[in-house]
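# with the sequence up front, the predicted model follows.
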Amino acid sequence: MKTVLVTGASGNVGRAVVDALASQPVRIRAMVSSVRSPDSGDTIERVRGDFRDPSTYAEVVAGCDAIFLLRPPPIADVEHTLCPFIDQAIAAGVGHIVFLSVMGADHNRIVPHHKVEVHLARCGVSHTILRPGFFAQNFGDAYRLDLKKDNRIYVPAGRGRVAFVDVRDVGELAADALCHPERHAGRGYPLTGPEAVTFDDGAALLTDLLQRPIRYVPASSNCARWTSR
């Protein structure tokens with residue numbers, strides 16, 4: 001039975017990956033900042049790990065066959081964190097890595113995800129890149145306070161359109177790539193929803209769902225919260 005490591009397991013996408021893996025014949029290991037006592041019936045192994053502390057890497061990756069790798073938002077210096085973590089995983093015999101990147105990171109050198117993608121390619125390890133766009137769950141997380149207090153969506157999108165993607169779909173694809181790397185090795189997937197809509201459209205939908213007027217207010221890029229991992 002394979003052992004699959006999930007980093008960022010307590011976040012939106014990480015939880016979706018764990019949920020999708022739960023129906024697969026694999027052992028699930030979660031990298032966490034602190035280890036708590038397991039719940040009754042809990043089958044997930046939790047191992048303390050910190051990308052900023054290389055001394056934790058070996059225990060986290062030992063015995064793993066595949067890894068779901070997610071960059072925590074506070075970490076920008078991936079060359080001294082995620083990249084050495086990848087090296088440690090390869091040295092430990094990890095056979096496949098699924099990396100949660102962002103849309104356009106294969107060409108955009110500014111985002112830290114680009115360096116991780118380049119490092120994976122240079123290492124020669126079997127890997128799959130997921131490049132999602134805007135998460136639908138951001139409305140219930142990153143933008144929840146704006147919606148609750150001010151009845152508004154406040155993002156720097158102008159009149160642009162977005163094909164919102166559900167983290168559960170991302171989780172299912174990640175789980176399939178982790179359990180069946182032969183299907184996805186060497187692939188990079190841009191992930192979007194089925195239809196591109198404006199934030200005015202999103203506000204109209206939320207108005208119907210919440211039964212109160214929700215408006216879209218375009219913001220400057222310096223003032224808004226974009227994603228929720």
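Yep, it's here.
# per-residue confidence averaged over the host helix or strand of Val118?
Per DSSP states H and E, Val118 falls inside helix 112-123. Across helix 112-123, the average pLDDT comes to 97.
# just after it, pick out the following helix or strand.
Helix 112-123 is succeeded, C-terminally, by strand 126-132 (DSSP H and E).
# poorly predicted segments of the chain, please.
Residues of the chain that meet the criterion pLDDT under 70 lie in 36-42, 221-229.
# again, only this time at 90
1, 10, 33-43, 134, 136-143, 155-160, 162, 194-195, 219-229 (pLDDT under 90).
# could you pull out the helices in it for me?
Ranges of helices within the chain are 12-21, 57-61, 82-91, 112-123, 144-150, 167-179, 181-184, 199-210, based on DSSP state H.
# quick one: which of those helices is nearest Pro73?
Pro73 lies closest, by C-beta to C-beta, to one member of these: helix 112-123, at 9.9 Å. C-betas here are computed from N, CA, C, even on glycine.
# mind giving me the packing neighbours of that closest one?
If contacts are counted by 3 or more C-beta pairs under 8 Å, 6 or more residues apart in numbering; DSSP states H and E, helix 112-123 sits against helix 82-91, strand 96-100, strand 126-132.
# okay, buried residues for that helix please.
Neighbour-count burial for helix 112-123, counted by 16 or more other C-beta atoms under 10 Å, picks out Pro112, His113, His114, Lys115, Val116, Glu117, His119, Leu120.
# what's the angle from it to helix 82-91?
30 degrees (axes from the mean of the first three to the mean of the last three C-alpha atoms, to 10 degrees).
# which residues sit against helix 112-123?
For helix 112-123, contacts defined as C-beta atoms under 8 Å, 6 or more residues apart in numbering pick out 69, 71, 75-79, 82-83, 86-87, 90, 97, 99, 101-102, 105-106, 108, 127, 129, 188.
# quick one: buried ones out of these?
69, 71, 78, 82-83, 86, 90, 97, 99, 101-102, 105-106, 127, 129, 188.
# most widely separated two among the residues you listed?
Greatest spatial distance among those (C-beta to C-beta): Ile90 and Val102, at 23.1 Å.
# contact partners for the closest residue to Pro25 other than its chain neighbours?
What sits nearest to Pro25 in space, not counting adjacent residues and going by C-beta to C-beta, 6 or more residues apart in numbering, is Met1, at 6.0 Å. By C-beta under 8 Å, 6+ apart, Met1 lies in contact with Pro25, Val26, Arg27.
# just those residues: which are in strands?
Residues of the contacts of Met1 located in strands (DSSP state E): Val26, Arg27.
# quick one: buried ones out of the contacts of Met1?
Buried members of the contacts of Met1, scored by 16+ other C-beta under 10 Å, are Val26, Arg27.
# need the helices and strands packed on helix 112-123 in a markdown table (columns: distance to Thr192).
Formatted as a markdown table, these follow (distance: least, C-beta to C-beta, whole Å):
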| stretch | distance to Thr192 |
| --- | --- |
| helix 82-91 | 24 |
| strand 96-100 | 15 |
| strand 126-132 | 8 |
